[in-house]
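In: Next comes the sequence, and after it the predicted model I'd like to discuss.
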Amino acid sequence: NLMFRTTYGDALIPELTKVIDGSVRYQAINAIQVAALLHTPASLALLESHIESDNEARPDIRLWSVIGVGQAIGVDSIRADKIKGGLRALARGGENETNPLVLRRIFEVLDEAVRNQRPNNLGGDEIRNLAIESEVDLVKQTFQRLQDQDAPADLLLALEPGIILIRNQYIDPRLQQVSRRTSNGMSEKVATYIGRRNAPQLGQIYDVILLNQDRIREDPELNRAAGQLIDSSETTMKLVHSNLQSGTSPTGLTDGKALWTNQDLVGLARNRDAWMTVLAEQPYQR
């Protein structure tokens, strides 16, 4: 039970901290994994301290710390405010993350938080709302970093599966039934909100690809990922726009993945301009 785990953890965490801070990498990973299994507020705080690259230079330790936060989401004995603290640490870590495996796992844990099954009296809705906002910000910030070339191009390897997770949230039948309060006191389905908030971020994909094309073309894996990311982003935007605007879609669009494969940069720019026109209007900009 929680009392036993808390008492046991209070005794164990100082020793785990020494191992984690030590120089033997596999021992540090094992210690992080043990801390994650404790499922206590103190162990969660330990994990949080090893998520941001400014505090933890070792990507494998960051990775297992992120995984540990994800494991805590379904533990009802950990209060919602503690889980939210872990999600905020993930969001901060994602802002500067350079390792695609770590960033991908951050997206996966945020997805787990969006889909959490906690009852609302245990903070399920609060956790979900924070995770949704964190996802929107993380997509926006990562795209901006790539446009500014302040991040490695291989972050595309994390963005592509991350966008798939967001698209699947949008079509999740349960999230299509759950409502949330908007800032003006109205009610909106969670899935609708996810689509409406993320679509303008996805519209930035064209500039991300166009500004990084040289770096991307140098790596066959990134080249493939770029085509898939364009396809995932366009598919998601079309799905959201069709549902929000009664089946309509922007005119003049060409398959973006095919354009990338054929190195048709002018065509990608046309797609970008077509999407920017509709994404700058209602219901996206509100």
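Out: Nice, thanks for sending it over.
In: my guess is Ala199 contacts Glu281, does it?
Out: No: using C-beta atoms under 8 Å, Ala199 makes no contact with Glu281, being 11.4 Å away. The way it works is simple: take the backbone N, C-alpha and C, and place the C-beta from them, glycine included.
In: Looking at the two, which is more packed in?
Out: Neighbours were counted for Ala199 and for Glu281 using other C-beta atoms under 10 Å; Ala199 has more, 24 against 10.
In: Can you tell me the centre-most residue of the protein?
Out: Centroid check for the chain by C-alpha atoms, centre = their mean gives Phe107 as the closest residue, at 2.9 Å.
In: SS state for it?
Out: Three-state assignment for Phe107 (DSSP: H, G, I helix; E, B strand; the rest coil): helix.
In: how close does Ala28 get to Asp150?
Out: 29 Å (C-beta to C-beta, to the nearest Å).
In: Those two: which is more packed in?
Out: Ranked by neighbour count (other C-beta under 10 Å), Ala28 and Asp150 place Ala28 first, with 22 against 10.
In: Figure out the helix or strand that the residue lying closest to the residue nearest to the centre of the chain once chain neighbours are set aside lives in.
Out: What sits nearest to Phe107 in space, not counting adjacent residues and going by C-beta to C-beta, 6 or more residues apart in numbering, is Gly162, at 3.6 Å. Applying DSSP states H and E as the criterion places Gly162 in helix 156-170.
In: pLDDT (mean, whole number) over that helix?
Out: Across helix 156-170, pLDDT averages out at 96.
In: In terms of secondary structure, what does the next helix-or-strand element following that helix contact?
Out: Next helix or strand after helix 156-170 toward the C-terminus (DSSP H and E): helix 173-177. Judged by 3 or more C-beta pairs under 8 Å, 6 or more residues apart in numbering; DSSP states H and E, helix 173-177 is in contact with strand 187-189, helix 190-202.
In: Show residues contacting the helix or strand following helix 173-177.
Out: Downstream of helix 173-177, the next assigned helix or strand under DSSP H and E is strand 179-181. Contact with strand 179-181 is made by Asp125, Asn129, Ser187, Glu188, Lys189, Val190, Tyr193, as judged by C-beta atoms under 8 Å, 6 or more residues apart in numbering.
In: Direction included, what does strand 179-181 pair against?
Out: Here strand 179-181 has these sheet partners by DSSP bridges: strand 187-189 (antiparallel).
In: if we look at the partner strand, which residues are touching it?
Out: Outside strand 187-189, the residues within contact range by C-beta under 8 Å, 6+ apart are Leu175, Gln176, Gln177, Val178, Ser179, Arg180, Arg181, Thr182.
In: Arg88 versus Leu138, what's the distance?
Out: 12 Å.
In: Thanks a lot, see you next time.
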